[in-house]
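Asks: Pasted the sequence and its predicted model underneath.
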Amino acid sequence: MRLVSICPSNTELLHYLGLTSKLVGVDDFSDWPKEVLDLPKLGPDLTINMDKLEALEPDLVLASLSVPGMEKNIEELEKRSIPHVVLNPQSLEDIAGDLLTVGEYTNLSSKANEVASSMMEIIHTYRQCATTCENKPSLYWEWWPKPIFTPGKINWLTEISDLAGAVNIFSDKEVASYQTEWAEVVEKNPDAICMIWVGVKESKMNPKHVMKRENAENVHAVRNSQIHVLEESLYCRPSPRLILGLQKLAALLHPSSYPAYKGEDPLLK
């Protein structure tokens, strides 16, 4: 079976089903697992080269709606009658469901059920752990600094915050992505700040970027040195790798209530 993925999260999801070897092309931003780095690149996920994609003669293309603007990729796939499936998860349960969906398309339902079940078991365990946390810190997730974008209620990071014994300060916003101003962040006064700038490596993110902002010294997270630079690849892509991000965050915030973080993906054992 010849597979093409035009979104990093879909490329990652395929790996959990053991299908990386079936990939014949990916978007420019797919960088995990490392095996995909040598595959033909089809362009940025918002401007896929459809002629190049079509020339690969895929049996199935995994498309996405996770980023505004991806609709045109799907329109072009439909126009060219290229077999495809569209994934658009907003929660961890949605991702587990996507595993099952792709499992059906690829005749790997048994494997998909196994991974999805393991994923849901971990979620259940962490939900139970969260109930034992007496203090639940408020979190400000920063997707992008200028303008500021942060996850709202309809996003997996609000769910991950809850499962890790914390609260997203913008969980009251009925959107997936919320654009705001730094002044509103200061007003909400989060206990911790998680820097996960989309597409930016940790080495390029420095807490000083936040600390030098107006009135930053009045924010609990800044005063208490609770600005965390995290791997955007573990938090910004809606794939099963989010479980690894959950485990890291929970151990960081509540080391006595959650298992220690070892960096080993429990879904790939």
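Replies: The structure has been received and is ready for your questions.
Asks: All the helices of this structure, in order from the start?
Replies: With DSSP state H as the criterion, the chain has helices at 8-16, 50-55, 71-79, 92-105, 109-130, 156-163, 182-188, 208-211, 220-223, 242-253.
Asks: any chance of those helices in JSON lines, with distance to Met1, mean pLDDT and mean neighbour count too?
Replies: Backbone N, C-alpha and C define where each C-beta goes, glycine included. As requested, the helices of the chain are exported to JSON lines (distance: least, C-beta to C-beta, whole Å; pLDDT from 0 to 100; neighbours: other C-beta atoms under 10 Å):
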{"stretch": "helix 8-16", "distance to Met1": "11", "mean pLDDT": "98", "mean neighbour count": "26"}
{"stretch": "helix 50-55", "distance to Met1": "16", "mean pLDDT": "99", "mean neighbour count": "16"}
{"stretch": "helix 71-79", "distance to Met1": "17", "mean pLDDT": "97", "mean neighbour count": "15"}
{"stretch": "helix 92-105", "distance to Met1": "9", "mean pLDDT": "98", "mean neighbour count": "19"}
{"stretch": "helix 109-130", "distance to Met1": "14", "mean pLDDT": "98", "mean neighbour count": "16"}
{"stretch": "helix 156-163", "distance to Met1": "28", "mean pLDDT": "98", "mean neighbour count": "24"}
{"stretch": "helix 182-188", "distance to Met1": "46", "mean pLDDT": "98", "mean neighbour count": "16"}
{"stretch": "helix 208-211", "distance to Met1": "44", "mean pLDDT": "96", "mean neighbour count": "16"}
{"stretch": "helix 220-223", "distance to Met1": "47", "mean pLDDT": "98", "mean neighbour count": "17"}
{"stretch": "helix 242-253", "distance to Met1": "26", "mean pLDDT": "98", "mean neighbour count": "22"}
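Asks: Arrange those helices in TSV, one row each, with distance to Leu62 as further columns.
Replies: Listed next are the helices of the chain as TSV, based on distance: least, C-beta to C-beta, whole Å:
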stretch	distance to Leu62
helix 8-16	4
helix 50-55	12
helix 71-79	11
helix 92-105	7
helix 109-130	13
helix 156-163	18
helix 182-188	35
helix 208-211	34
helix 220-223	37
helix 242-253	17
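Asks: Can you check which of those helices gets nearest to Gly199?
Replies: Closest to Gly199 of these is helix 8-16 (C-beta to C-beta; 9.8 Å).
Asks: Can you list the helices and strands that the closest one packs against?
Replies: Here helix 8-16 touches strand 3-5, strand 23-26, strand 60-64, strand 84-87, helix 92-105, going by 3 or more C-beta pairs under 8 Å, 6 or more residues apart in numbering; DSSP states H and E.
Asks: Let me have the ones you listed in a markdown table, adding distance to Val185 as columns.
Replies: What follows is those, written out as a markdown table (distance: least, C-beta to C-beta, whole Å):
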| stretch | distance to Val185 |
| --- | --- |
| strand 3-5 | 34 |
| strand 23-26 | 35 |
| strand 60-64 | 29 |
| strand 84-87 | 31 |
| helix 92-105 | 25 |
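Asks: what pLDDT does Ile6 get?
Replies: According to the prediction, Ile6 has pLDDT 98.
Asks: go on, Val200?
Replies: Val200 carries a pLDDT value of 92.
Asks: ok, for it, nearest residue in space, not its chain neighbours?
Replies: Glu232 (6.4 Å; C-beta to C-beta, 6 or more residues apart in numbering).
Asks: rewinding a little: nearest to Ile193 among the helices and strands packed on helix 8-16 would be which one?
Replies: helix 92-105 (22.5 Å).
Asks: which residues sit against that closest one?
Replies: Contact partners of helix 92-105, identified using C-beta atoms under 8 Å, 6 or more residues apart in numbering, comprise 13-14, 16-17, 60, 62, 85, 87-89, 108-113, 115-116, 119-120, 123, 156, 159-160, 238-240, 242-243.
Asks: next one: that helix to chain centre, how far?
Replies: Relative to its parent chain, helix 92-105 has a centroid offset of 15 Å by C-alpha atoms, centre = their mean, to the nearest Å.
Asks: and if you look at stretch 179-192?
Replies: 22 Å.
Asks: And for stretch 108-125?
Replies: Distance, centroid of stretch 108-125 to centroid of chain: 18 Å (C-alpha atoms, centre = their mean).
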